[in-house]
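*Asks:* Dropping the sequence and predicted coords here.
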Amino acid sequence: MEKSLVIYNTLTRLKEKFEPINSPNVGMYVCGPTVYGDAHVGHARSAINFDLLYRYLVHLGYKVRYIRNITDVGHLENDADEGEDKIGKKARVEQLEPMEIAQYFTNRYHSNMDQLNVKRPSIEPHASGHIPEQLEMIQTLIENGFAYESNGSVYFDVEAYNAKYNYGKLSGRKLEDLMANTRELDGQSEKRNPFDFALWKKASPYHIMQWNSAYSKGFPGWHLECSVMSTKYLGEKFDIHGGGLDLMFPHHECEIAQSVGTHGHESVKYWMHNNLITINGQKMGKSLGNFITLDELFSGSHALLEKAYNPRVVRFFILQAHYRNPLDFSNESLIAAEKALARISEAMEQLKKMNPSATTTALNVDDFVNNCYAALNDDLNTPILLSYVFETVKSINIAATGKEGISQTDIQKLSQFIDMLLNEILGIEMEQISESSGEVFNQVVDLLLNLRIDAKKNKDFATADRIRVELSNMGFTIKDTKDGFEWKRN
RNA sequence: GGUCGGUUGGCCGAGUGGUUAGGUACCAGUCUGCAAAACUGUGUACAGCGGUUCGAAUCCGCUACCGACCUCCA
């Protein structure tokens, strides 16, 4: 913990020392889901990576206020689509209130996140609950000369903004390039420039979700809620804003413009973006139809999946890659992660029942601990962190064979640290050993396996194998050891 | 087309100007009645071509391929 946390700031494209604006308080805002469909593996990656950051900041002793929003305002599916929005469309098709749709998918999102052991944020604000605040910001932007009303809608004037500030600094875009490359879409005639974006959109009669305003009955633009809710709960300046790489442009770029246009200065000190996920090497996209929902992943029901994957395996798998690199989902790599995780579990059990030796020769516990912190401090380098964990796993296994030793003190130190690391920081809840099943139950299994030992002594291998085969068919794993046996339920 | 990023061993995935990443798979060995687990050993990995350097997979250039964003998406 001597070394301090360094994080990569998208804004500067550099790794920067993390220094909170008002230490020990940290304000952190992460873009949450639009609740009109089930959460998929992409949502999982973003949520898990920022959950890791949140947990680690708390572990380091910071007081973190963590905001993750719910987008439940029916934004338009695209600019060309005049009347329909995602939530409203679903509501119409299924004959439900839009808010029923939003609540339904919010509930499902929460349950998936719980399965992945993602902690709930400190505040989870809803866009629909902050319409007045959004209208206030629109008014300020108009007054400041960065927004204009047109036919009941209000647009952000990118050109006016860019004359004074720098539009495109986050994503590295230049306004001239945008001018040269903007496509002509329908329904944009209200805008002064095609790259202007909506702050308020006049609703068509079909549009179910709409609110009254001075401009029209309508709904807010989809970038606005994050600017409004982040500053409302974290202040005009806060530490971290996170989200998926795909949100960098235009969403986060527009957020910067809105905040600067409103307050005259930037709000966010560190912008962090997690990279995206591919499925069997291919982009995961709605149009490609290859996105896998978390329910499908956990139940194995998607056609691309060979089996069900436990949420903790999924979490571990995601943490095996660095968050700023793309990550490919495939059966082969998920199965590899499943086995790797089991290896850690086994070693932890070995460690806890190991006979201590007088001195520790198998490894250096302090080095291990320091290495782990160094990896986390280096922009949350979990792959490196896990490589240290696996080296330690090997050392534990060697010590378990008796070739090397670990002292009582170090056994305790090591197992406490790894428990803390896995449960508290990485959020991978380790499997509990079969204790939970009940005394009598355990005694019965032990009895069967003792009978098997007797059979083996009598060279009655048919009986011995039968006990092992039938128990394993029932979901037990049986291992023979020098002095008896070990078992666990899968 | 514009902007940006990537190409590492069967697969996943780190990293670095000179030292074994790690996981998983495969093969062989130890152990075992047989398995499983564990341990040990083996793999001529850094897209191609040039350049800089005592030395490059790591820096530079070119080529090829892939991807992201530019349109809703984590």
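*Replies:* Great, that's in hand.
*Asks:* all strands of the stretch 1-150 of chain A, in order?
*Replies:* Along the stretch 1-150 of chain A, the stretches classed as strands by DSSP state E, counting those that start in this stretch are A:6-9, A:14-17, A:25-30, A:63-68, A:147-150.
*Asks:* and the direction of the third one versus that of strand A:63-68, what angle?
*Replies:* Pointing back at strand A:25-30 there. Compare the direction of strand A:25-30 with that of strand A:63-68 by axes from the mean of the first three to the mean of the last three Cα atoms, to 10 degrees and you get 10 degrees.
*Asks:* quick check: mean pLDDT across strand A:25-30?
*Replies:* Averaged across strand A:25-30, pLDDT comes to 96.
*Asks:* can you tell me which residues contact the spatially most central residue of chain A?
*Replies:* Computing the C-alpha centroid of chain A and ranking residues by Cα atoms, centre = their mean puts A:Ala47 first, at 1.9 Å. Going by Cβ atoms under 8 Å, 6 or more residues apart in numbering, A:Ala47 touches A:68, A:113, A:116, A:118. Bear in mind the C-beta positions are built from the backbone N, C-alpha and C, glycine included.
*Asks:* would you turn those into CSV with neighbour count and distance to A:Phe197?
*Replies:* Shown next, in CSV, are the contacts of A:Ala47 (neighbours: other Cβ atoms under 10 Å; distance: Cβ to Cβ, whole Å):
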residue, neighbour count, distance to A:Phe197
A:Arg68, 26, 23
A:Met113, 24, 29
A:Leu116, 20, 33
A:Val118, 26, 30
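*Asks:* closest to A:Gly235 among the residues you listed?
*Replies:* Distance to A:Gly235, by Cβ to Cβ, is smallest for A:Arg68 among the contacts of A:Ala47, at 17.0 Å.
*Asks:* Which residues does the closest one form beta bridges with?
*Replies:* A:Val30 (DSSP bridges).
*Asks:* My guess is it contacts A:Pro121. True?
*Replies:* Yes. At 4.1 Å, A:Arg68 counts as touching A:Pro121 under the criterion of Cβ atoms under 8 Å.
*Asks:* shared neighbours, these two?
*Replies:* Here A:Arg68 and A:Pro121 have A:Val30 as joint contacts, going by Cβ under 8 Å, 6+ apart.
*Asks:* Which residues of the stretch 301-450 of chain A lie near RNA strand B?
*Replies:* A:320-322, A:325-328, A:330, A:332-333, A:335-337, A:339-340, A:343, A:346, A:381, A:383-384, A:386-387, A:390-391, A:393-394, A:397-398, A:400-401, A:403 (Cβ under 7 Å from any atom of the strand).
*Asks:* As a check, name the ranges of all helices in the stretch 251-400 of chain A.
*Replies:* Secondary structure of the stretch 251-400 of chain A by DSSP state H, counting those that start in this stretch: the helices cover A:253-263, A:294-299, A:311-319, A:331-352, A:365-377, A:382-401.
*Asks:* Pull out the buried residues from the longest one.
*Replies:* When neighbours are counted by 16 or more other Cβ atoms under 10 Å, the buried residues of helix A:331-352 are found to be A:334, A:337-338, A:340-341, A:344-351.
*Asks:* Which neighbouring elements make contact with it?
*Replies:* When contacts are defined as 3 or more Cβ pairs under 8 Å, 6 or more residues apart in numbering; DSSP states H and E, helix A:331-352 sits against helix A:311-319, helix A:382-401, helix A:408-419.
*Asks:* Can you say which of those is packed in most?
*Replies:* helix A:311-319 (a mean of 23; mean count of other Cβ atoms under 10 Å).
*Asks:* between that one and helix A:382-401, how big is the angle?
*Replies:* 120 degrees.
*Asks:* can you pull the contacts of A:Ile467?
*Replies:* A:Ile467 is in contact with A:448-449, A:451-452, A:455, counting by Cβ under 8 Å, 6+ apart.
*Asks:* so which helix or strand takes in it?
*Replies:* helix A:461-473 (DSSP states H and E).
*Asks:* Smallest distance to RNA strand B belongs to which residue of the stretch 1-150 of chain A?
*Replies:* Distances between the stretch 1-150 of chain A and RNA strand B by Cβ to the nearest atom of the strand are smallest at A:Gly42, namely 2.5 Å.
*Asks:* now the closest residue to that residue other than its chain neighbours, which residues is it bridged with?
*Replies:* Of all residues not flanking A:Gly42 in the chain, A:Ile277 sits nearest, at 5.2 Å (Cβ to Cβ, 6 or more residues apart in numbering). Note on A:Ile277: beta-bridge partners by DSSP bridges are A:Leu327.
*Asks:* Give me the distance between A:Ile277 and RNA strand B.
*Replies:* Using Cβ to the nearest atom of the strand, to the nearest Å, A:Ile277 is found at 4 Å from RNA strand B.
*Asks:* That residue is in contact with A:Ser330, isn't it?
*Replies:* No. Counting by Cβ under 8 Å, A:Ile277 does not reach A:Ser330; the two are 11.0 Å apart.
*Asks:* which one among the buried residues of helix A:331-352 gets closest to RNA strand B?
*Replies:* Nearest member of those to RNA strand B, counting by Cβ to the nearest atom of the strand, is A:Ala340, at 2.7 Å.
*Asks:* Can you name the residues that contact the closest one?
*Replies:* Contacts of A:Ala340 (Cβ under 8 Å, 6+ apart): A:316, A:320, A:390.
*Asks:* Distance check, the closest residue to A:Glu266 other than its chain neighbours against A:Phe156.
*Replies:* In space, and not counting its chain neighbours, A:Glu266 is closest to A:Val260: 5.7 Å by Cβ to Cβ, 6+ apart. Distance of A:Val260 to A:Phe156, computed by Cβ to Cβ, to the nearest Å: 11 Å.
*Asks:* Have a look at those two and say which one is more surrounded.
*Replies:* Using other Cβ atoms under 10 Å as the criterion, A:Val260 and A:Phe156 rank with A:Phe156 on top: 27 against 21.
*Asks:* possible to save the helices of the stretch 251-400 of chain A as TSV with mean pLDDT?
*Replies:* Formatted as TSV, the helices of the stretch 251-400 of chain A follow (pLDDT from 0 to 100):
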stretch	mean pLDDT
helix A:253-263	93
helix A:294-299	93
helix A:311-319	94
helix A:331-352	91
helix A:365-377	94
helix A:382-401	93
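*Asks:* closest to A:Asp239 out of those helices?
*Replies:* helix A:253-263 (14.2 Å).
*Asks:* quick check, nearest of the contacts of A:Ala47 to A:Leu297?
*Replies:* For the contacts of A:Ala47, the nearest to A:Leu297 is A:Leu116 (10.1 Å; Cβ to Cβ).
*Asks:* check contacts around the residue nearest to the closest one when sequence neighbours are not counted.
*Replies:* The spatial neighbour of A:Leu116 that comes closest, neighbours along the chain excluded (Cβ to Cβ, 6+ apart), is A:Pro311 at 4.9 Å. Counting by Cβ under 8 Å, 6+ apart, A:Pro311 makes contact with A:115-117, A:294, A:298.
*Asks:* Top of those residues by number of neighbours, please.
*Replies:* Result: A:Leu294 is most packed of the contacts of A:Pro311 (other Cβ under 10 Å), 25 neighbours.
*Asks:* so how far is A:Gly405 from the closest residue to that residue other than its chain neighbours?
*Replies:* Once flanking residues are discounted, A:Leu294 sits nearest to A:Asn112: 4.3 Å by Cβ to Cβ, 6+ apart. Per Cβ to Cβ, A:Asn112 is found 44 Å from A:Gly405.
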